[in-house]
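Peer 1: Got a sequence here, can you build the structure:
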Amino acid sequence: MNEFMMIFRNDKNNSKPSPEQMQAMIKQWQDWIGGIAAQGKFVATNALGFNGKTVHSDSTITDGPYAEVKEIVGGYIIVKAENLDEAVKLSNGCPTLTTGGKVEIRDVMVLNK
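Peer 2: Next comes the predicted model:
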């Protein structure tokens with residue numbers, strides 16, 4: 001089995017969901033991730049916060065990871081799959097897709113330990 005990272009991207013949106021909407025979204029994510037876990041293909045996941053800094057190659061530091069883009073990376077999941085096509089199939093039903101977002105799927109390169 002190989003590992004693949006799904007990176008969740010959405011357009012930057014400053015609206016705040018109601019507590020009920022937030023609970024419904026959390027339930028969608030739990031159900032989707034739970035389905036992957038039930039197949040024995042779940043490795044890890046995390047959501048990303050909204051605070052951050054960006055360090056540039058010239059050593060300058062800018063506020064916020066999204067200062068110059070309209071799209072944000074909201075989080076990721078790492079899954080186990082035989083190949084990229086299987087990893088793509090695991091993205092079916094991802095809640096970020098229902099809100100117009102994207103799922104970028106990348107293979108995880110194993111570096112020498």
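Peer 1: what pairs with I7 across the strands?
Peer 2: Y76, E104 (DSSP bridges).
Peer 1: Next, work out how far apart it and G101 are.
Peer 2: I7 sits 10 Å away from G101, going by Cβ to Cβ, to the nearest Å. For every residue, glycine as well, the C-beta is placed using N, CA and C.
Peer 1: Likewise for G64?
Peer 2: Taken as Cβ to Cβ, the span from G64 to G101 is 19 Å.
Peer 1: lowest confidence element among the helices and strands of this protein?
Peer 2: The weakest-scoring helix or strand in the chain, judged by mean pLDDT, DSSP states H and E, is strand 61-63 (a mean of 83).
Peer 1: same for that strand, what does it pack against?
Peer 2: Using 3 or more Cβ pairs under 8 Å, 6 or more residues apart in numbering; DSSP states H and E, the elements in contact with strand 61-63 are strand 53-55.
Peer 1: Could I get the average pLDDT for the strand it packs on?
Peer 2: Confidence for strand 53-55, expressed as mean pLDDT, is 85.
Peer 1: Can you list the strands that that strand pairs with?
Peer 2: Partners of strand 53-55 in the sheet, by DSSP bridges, are strand 61-63 (antiparallel).
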